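S.K.: Sharing a model prediction with you, sequence too.
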Amino acid sequence: EAQVTQNPRYLITVTGKKLTVTCSQNMNHEYMSWYRQDPGLGLRQIYYSMNVEVTDKGDVPEGYKVSRKEKRNFPLILESPSPNQTSLYFCASSLSGGFGSGYTFGSGTRLTVV
Amino acid sequence: AQSVTQPDIHITVSEGASLELRCNYSYGATPYLFWYVQSPGQGLQLLLKYFSGDTLVQGIKGFEAEFKRSQSSFNLRKPSVHWSDAAEYFCAVGEDSGGGADGLTFGKGTHLIIQP
């Protein structure tokens, strides 16, 4: 089944403790992206990647890192999480750099930083 | 910069009634327009998309949307809603800078409530 898989689904952590949220897609998509969703703010893009070793900042990149060493994986790294990063995170992928095939979203990771 | 406005935060509709969710965008060129639905605890599912051509597009689950360039709108419609349509709906606009997609910009969402 074609899908985007995020792990974990739920995570509670403490301020300052480094964490990684994994994202993997099995569709050979070139384009991958991370979004955070907050009440009343909709989804905002954190980082995106057009292909292996090509990443760029989205609208809200502060406090996050990403890497794209393999085509299928696009982990989101929080080096020193803070409570304002408590949010629902979504990974998405798309076949190419354009929008023709639309985005496939993962099921989300709910992160709580205390 | 592109932006998307969904004027209605909440909408309540009776089951069987018609539905229209509003979306306005701000973008210089012809945008790529999308509607996504998010059921409680789920990820986002694509309902429909518009790139060019016929301005009335059909999507899944009986939804349709109409692109009106003069009004910068892309409103979502359904002639008769079902209780299972209760969800959060997001309008999104995409920009292709020529070097590839820079990502989607989402509206803040409209929460649809279906009353019996």
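M.R.: Sure thing, it's come through.

S.K.: use CA for all of it now, contacts and neighbours both
M.R.: Noted.

S.K.: Just the strands from chain A, written as ranges.
M.R.: Per DSSP state E, chain A carries strands over the ranges A:4-7, A:10-13, A:19-25, A:31-38, A:42-51, A:54-57, A:65-66, A:76-78, A:87-94, A:104-105, A:109-113.

S.K.: Okay, now the sheet partners of the fourth one, with direction.
M.R.: It stands for strand A:31-38. Take DSSP bridges as the rule and strand A:31-38 pairs in its sheet with strand A:42-51 (antiparallel), strand A:87-94 (antiparallel).

S.K.: Can you give me the buried ones in it?
M.R.: Buried residues in strand A:31-38, counted by 16 or more other CA atoms under 10 Å in any protein chain shown: A:Tyr31, A:Met32, A:Ser33, A:Trp34, A:Tyr35, A:Arg36, A:Gln37.

S.K.: I'd like the residues you listed laid out as a markdown table, including pLDDT.
M.R.: Output for those, formatted as a markdown table (pLDDT from 0 to 100):
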| residue | pLDDT |
| --- | --- |
| A:Tyr31 | 89 |
| A:Met32 | 93 |
| A:Ser33 | 93 |
| A:Trp34 | 95 |
| A:Tyr35 | 94 |
| A:Arg36 | 96 |
| A:Gln37 | 93 |
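
S.K.: Is there any residue in whichever strand or helix holds B:Val4 that contacts chain A?
M.R.: Using DSSP states H and E, B:Val4 maps to strand B:3-5. No: Strand B:3-5 is not in contact with chain A by CA under 8 Å from any CA of the partner chain; minimum separation 10.3 Å.

S.K.: Mind listing what's buried along that strand?
M.R.: Buried residues in strand B:3-5 (16+ other CA under 10 Å): B:Val4, B:Thr5.
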